[in-house]
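Enquirer: Build me a structure from this.
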Amino acid sequence: MTRTDIEPSRSDTGHDFRGFRFSDLYWYLVLLAIAFVLALLQPVAWAQQPAPQADALDPPGRVARLNLVEGAVSFAPADANDAWTPAALNRPLTAGDRLWTGPQARAELHAGSTAVRMNHQTSLDLLALDDNTTQLRLAQGTLKLRVRQLFDGQRLEIDTPNLAFVVSQPGDYRLDVDPAGNTTRVIAQSGGGVIYGDNSASVNLSAGQQANFSGTQLVPAGPGASRQDDFDLWAANRDRLEDQSVSARYVPRETVGYQQLDSYGSWSQDPSYGAIWIPRAVPVNWAPYRMGHWAWVSPWGWTWVDDAPWGFAPFHYGRWAQIGPRWAWVPGRLAPRPVYAPALVAFVGGSNGGVSWNISIGGAARPGVGWFPLAPGEAFRPAYRVSPRYVTQVNNNIVVNNTINVTNVYRYQRQPAAVTAVSREDFERGRPVRVQQALSRADLGRAQLVADRGALPHRPNPAELRERQRPAAALPPPTVAARPVPVVSSRDDRRDERRDGRDGRRDDNNRDERRAGPAAPVAAGAARPAPAPERSTPEASQHAQRELQRQQREQKEQLQAPQLEQQRRSGEEPIGQRALREQAQRDARARNEAQERAQAANANAGAQARAEAERHAAEQAQRSQQQAQREQQRQQREQREQREQREKLQAPQLEQQRRSGEEAIGQRALREQAQRDQENARQQQAAQRQQQQQQQQHLQQQQQQQLRAQQEQQRQHQAQAQAQAQAQEQQQRRQQQQAQREAAQAREAAADKPTRQARGEGNPNRNREQ
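Expert: Here you go, the predicted model:
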């Protein structure tokens, strides 16, 4: 069997995030030297509990994290399984911890790159969780798993009241447990695994298969429902968001808690540290390991639990660096399977040698405990007994620009902006860091580095912590809490070979062709209108009148021509003759005008007669056409009557033929009807499939819109928080300036007082002598 590694992730500058890949023996020897030196520097008193053997077992390098809670989700730690409290997002989960989701509640946790999602009223116990084994107990409810990677020798098992399911391949899985019916349904949407029962009974489950069993003998209990529900859609949406993660390009997917980094910060490249992540909106005077509390989690001991929704990966892997005024998380060269650390800090204060480091927090001075983040290149010293190999693995990302710091001098040990301090009582009781104590450099100078972890507070009393904890809103049923874990007598640890599956895709882009209908033809045999005259009736009359007047003027000029010639010859005539002549001319003009009017009347009458004749001809043509149409209709009617007569004569023969072929026609009709029914059924199925696809697409679009709206709201909230933070910072800056001015005035007043005394002001004896 070959080892399967995570796909390498590289940034745009070629930075390798798959872990240490030393090209020569030199750096390997350097790491071994670091581990040996740290093991020598670690005294026996660091062990917070005495170990019966010299070589104590190393703690697990892998934990789980609850990164999403919807509704009432309860949590019970391994050391107090009956103490149910509201589940906290960033508290690490390990073997022995238990989870319960109330009605209408859901939860999501990650163990490495494996996503485990719980539906409502689901009971989940973490039976085993270490580097090679993940064993879960599902006593009731529904569980969805997205397994991205299975390393060589790694085992993932889910135990139910009546069977055990061992995942053998990466894929998507769903398990439904009904404790009332003692049934378990296992669905392998992709991947594969093996189902085990009593007496070495086993069933292989491949991709696309499901099995439903009753009892521990793997008795089939029916197929069950195979249709996806809202929980499947919710889990698929969560998978899509995780697949699109930008942070997965910079850190391995086995890094627990990287999923939330995309929404609350941004990545960039630094010339000194390589890839860095900077949170977008943090409070004023914020520093790493300042907003949260300390909790005792076995076997590591004191563990930091941050309040920020993104506050897991940056506080348990990598280092922090202050770049200018901002803090940046430096993941370094994480291994494909990075080792979890409870808190990558160094402590100051405590009670070294019986002398406590006292700090004043809102009152009298009390013993305090302080801490600060480790910078890139600074080694982490575990507070618990470990082997040199573990020290090497947990510090495998501290090499930045080939620089390793193995001294007791830390970069942020003397910086007040980086050191956080609380009272010893608040630290021990796990109280949140509320008001940050302003530490001066003098206070930090008195605070010694805690080399003996015995100087830190000891493990708190679980009974006292239980009294102060808030009770859970939802509790599991007693029958579920008391159900025993099944024991499978024989299991096959071999893994099936991976199968490459190809999803057959159909081409749904078929388009119907649209054909344009032909244009409507012009009806044949339509009656043509009569030819129009060259001019209408009024135009013809005017033209005839003008032509008649022109002819009359020509005739008149011809008649008057001899008279005009005679007048030129005779010379001057008597006045009487002139009057007679003018009268004769007027009479002639009157006669001419009467003739012209008569001719015009005759012309009008002729034009009207011609128009009347044309109308009569058009009407005659129309009547002839109508007569022809009536004749054609009569002929068609006669033909129809003749055809009907022939059909009546042929009716007995047709009836006989119809009766003789009735049986064949009925069979053909039944066959055609069956074909039509089949075609209709196919069309209905196609329509239903199309409708389901449209509904699914619509649902996906709605989910995407809701997701975009949520992201937009988050961006707005972040912008508002940043604006408020800037305003608070300005207000604090003004207050500090005011305090400085007042202090300066007080100093000036104090400096002037000796001068006034020297001058004799305020000395009554001297005044009396004068």
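
Enquirer: Show me where the stretch 351-500 of the chain has its strands.
Expert: Counting by DSSP state E, counting those that start in this stretch, one finds strands in the stretch 351-500 of the chain at the ranges 351-352, 355-356, 358-360, 365-373, 420-423.

Enquirer: Show the residue spans covered by the helices in this structure.
Expert: 25-41, 230-243, 261-264, 313-316, 388-394, 424-428, 441-446, 462-468, 478-481, 537-570, 575-660, 662-758, 764-769 (DSSP state H).

Enquirer: With adjacent residues omitted, what lies nearest to Pro170?
Expert: Excluding the flanking residues, the one nearest Pro170 by CB to CB, 6 or more residues apart in numbering is Val147, at 4.7 Å. C-betas here are computed from N, CA, C, even on glycine.

Enquirer: Likewise for Ala375?
Expert: Sequence neighbours aside, Arg411 is the residue nearest to Ala375 in space, at 4.1 Å (criterion: CB to CB, 6+ apart).

Enquirer: count of residues packed around the one you found?
Expert: 18 (other CB atoms under 10 Å).

Enquirer: What of Leu126?
Expert: For Leu126, using other CB under 10 Å, the count is 22.

Enquirer: Please apply the same query to Ala611.
Expert: Ala611: 16 neighbours (other CB under 10 Å).

Enquirer: how much space between it and Pro367?
Expert: 130 Å (CB to CB, to the nearest Å).

Enquirer: which stretches of the stretch 101-250 of the chain have low pLDDT?
Expert: Along the stretch 101-250 of the chain, the parts satisfying pLDDT under 70 run over 222-226.

Enquirer: what do you get for the stretch 451-600 of the chain?
Expert: Applying pLDDT under 70 to the stretch 451-600 of the chain picks out residues 452-454, 462-470, 472, 479-544, 557, 561, 563-583.

Enquirer: between the lengthiest strand in the chain and helix 230-243, how many degrees?
Expert: In the chain, assigned by DSSP state E, the strand with the most residues is strand 133-147. Strand 133-147 and helix 230-243 are oriented at 90 degrees to each other (axes from the mean of the first three to the mean of the last three CA atoms, to 10 degrees).

Enquirer: Nearest residue to Tyr273 in space, please, no chain neighbours.
Expert: Val330 (4.5 Å).

Enquirer: Verify the stated contact: the one you found with Gln322.
Expert: No: contact status for Val330 versus Gln322: not in contact, 10.7 Å apart, counting by CB atoms under 8 Å.

Enquirer: Report how many residues lie close to Gly181.
Expert: Per other CB under 10 Å, the neighbour tally for Gly181 reads 11.

Enquirer: how about it, what does it touch?
Expert: By CB atoms under 8 Å, 6 or more residues apart in numbering, the contact list for Gly181 reads 214, 221.

Enquirer: Partner strands of the longest strand of the chain and their direction?
Expert: Strand 133-147 pairs in its sheet with strand 114-118 (antiparallel), strand 123-129 (antiparallel), strand 155-159 (parallel), strand 171-178 (antiparallel), by DSSP bridges.

Enquirer: Point out the most buried one among these.
Expert: Of those, the one with the most neighbours on average (mean count of other CB atoms under 10 Å) is strand 114-118, at a mean of 23.

Enquirer: Per-residue pLDDT of Gln724, please?
Expert: Looking at Gln724, its pLDDT reads 91.

Enquirer: Please enumerate the strands of the stretch 201-350 of the chain.
Expert: So, for the stretch 201-350 of the chain - with DSSP E, counting those that start in this stretch - the strands run 202-205, 209-214, 219-220, 265-270, 274-279, 292-297, 301-306, 319-323, 326-330, 345-349.

Enquirer: Does anything pack onto the second one? Which helices or strands?
Expert: Looking back up the chat, that one is strand 209-214. strand 183-188, strand 219-220 (3 or more CB pairs under 8 Å, 6 or more residues apart in numbering; DSSP states H and E).

Enquirer: Show me which positions of that strand end up buried.
Expert: By 16 or more other CB atoms under 10 Å, the buried positions in strand 209-214 come out as 210-214.

Enquirer: The fifth one too?
Expert: For strand 274-279, the buried set under the neighbour-count rule, 16+ other CB under 10 Å, comprises 274-277, 279.

Enquirer: Kindly report the same for the first one.
Expert: Along strand 202-205, the positions that meet the burial threshold by neighbour count (16+ other CB under 10 Å) are 202-203, 205.

Enquirer: partner strands of that strand, parallel or antiparallel?
Expert: In its sheet, and by DSSP bridges, strand 202-205 pairs with strand 192-196 (antiparallel).

Enquirer: what's next to stretch 88-96, contact-wise?
Expert: Counting by CB under 8 Å, 6+ apart, 60, 63-69, 75, 77-79, 81, 99, 109, 125-130, 257, 292, 295, 297-298, 303, 305-309, 311-312, 315-316, 340, 342 sit against stretch 88-96.

Enquirer: one more time with 6 Å
Expert: 63-64, 66, 78, 126, 128-129, 297, 305-306, 311-312 (CB atoms under 6 Å, 6 or more residues apart in numbering).

Enquirer: now swap in stretch 124-131 and tell me
Expert: Taking CB under 6 Å, 6+ apart as the rule, stretch 124-131 contacts 60-62, 93-95, 97-99, 118, 135, 137.

Enquirer: Restrict that stretch to CA atoms and write it as CSV.
Expert: C-alpha atoms of stretch 124-131 as CSV (Å, rounded to 0.1, in the frame of the first residue of the first chain):
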residue,chain,number,x,y,z
LEU,A,124,-22.2,12.0,19.1
ASP,A,125,-19.4,10.7,21.3
LEU,A,126,-15.6,10.9,20.5
LEU,A,127,-14.4,7.5,21.6
ALA,A,128,-10.9,7.8,20.2
LEU,A,129,-9.1,10.7,18.4
ASP,A,130,-5.4,10.6,17.8
ASP,A,131,-2.9,10.7,14.9
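
Enquirer: how far does that stretch sit from the chain's center?
Expert: 30 Å (CA atoms, centre = their mean, to the nearest Å).
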